[in-house]
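Peer 1: build me a model:
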Amino acid sequence: MSGLSNGTWVLVADGEKALFLRNDLDAQDPDLNVLQQEEQDNPSDREQSANRPGRMHDTGVGQRSAMDDTDWHELAKERFADELAEILYQKAHKGAFEKLVIAAPPATLGELRDKMHKEVSSRVIAEIPKTFTNHPIDKIEQLIKAELENS
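Peer 2: Below is the predicted model of the structure:
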């Protein structure tokens, strides 16, 4: 598992929380330390929606259809991916890391992948499509080590 070498950054994220970690030891005995933590205040969509979905007239006489309301909760998650991609770009541009491992749920991973600058994506050495944000750091170290050994 040469991937998690000394100095490798690990981003552990979901749609609302992110930990930027750096491995300060080696692949056999990872020691992840928090560099930065980001959190987004993202209440449920129900709490953010002010109105009932609108209605519009259809082509038929007397017909009306409901219109989808904006999913504010989902929109906030997409914006959070934008913010994370921007932070990674700024750090990569300054030479803060050479290698990056990203652990995030598949939807968040997809959003990040779409938003990442090529300067960041060229440094990604592994993507782990799982949610690790609710684990303590020592457990995250074990989970990431196991994932990278099995890939």
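
Peer 1: alpha carbons only for contacts and neighbour counts from here, please
Peer 2: Fine.

Peer 1: can you list the buried residues in the lengthiest helix in the chain?
Peer 2: Scanning the chain for the longest helix, with DSSP state H as the assignment, gives helix 72-93. For helix 72-93, the neighbour count (16 or more other C-alpha atoms under 10 Å) marks 72-73, 76-78, 80-82, 84-86, 88-89, 92 as buried.

Peer 1: tell me which of these is nearest to Thr108?
Peer 2: For the buried residues of helix 72-93, the minimum distance to Thr108 (C-alpha to C-alpha) is 7.0 Å, reached by Ala81.

Peer 1: returning to what we had before: now the longest helix of the chain: mean pLDDT?
Peer 2: For helix 72-93, mean pLDDT rounds to 86.

Peer 1: that one packs against which elements?
Peer 2: In terms of contacts (3 or more C-alpha pairs under 8 Å, 6 or more residues apart in numbering; DSSP states H and E), helix 72-93 is packed against helix 45-48, helix 106-115, helix 118-121.

Peer 1: out of the buried residues of helix 72-93, who's nearest Ala18?
Peer 2: Out of these, the member with the shortest distance to Ala18 (by C-alpha to C-alpha) is Leu84, at 8.0 Å.

Peer 1: quick check: which ranges of this protein have low pLDDT?
Peer 2: 1-2, 41-74 (pLDDT under 70).

Peer 1: so Val10 lies in a strand, does it not?
Peer 2: Yes - counting by DSSP: H, G, I helix; E, B strand; the rest coil, Val10 is part of a strand.
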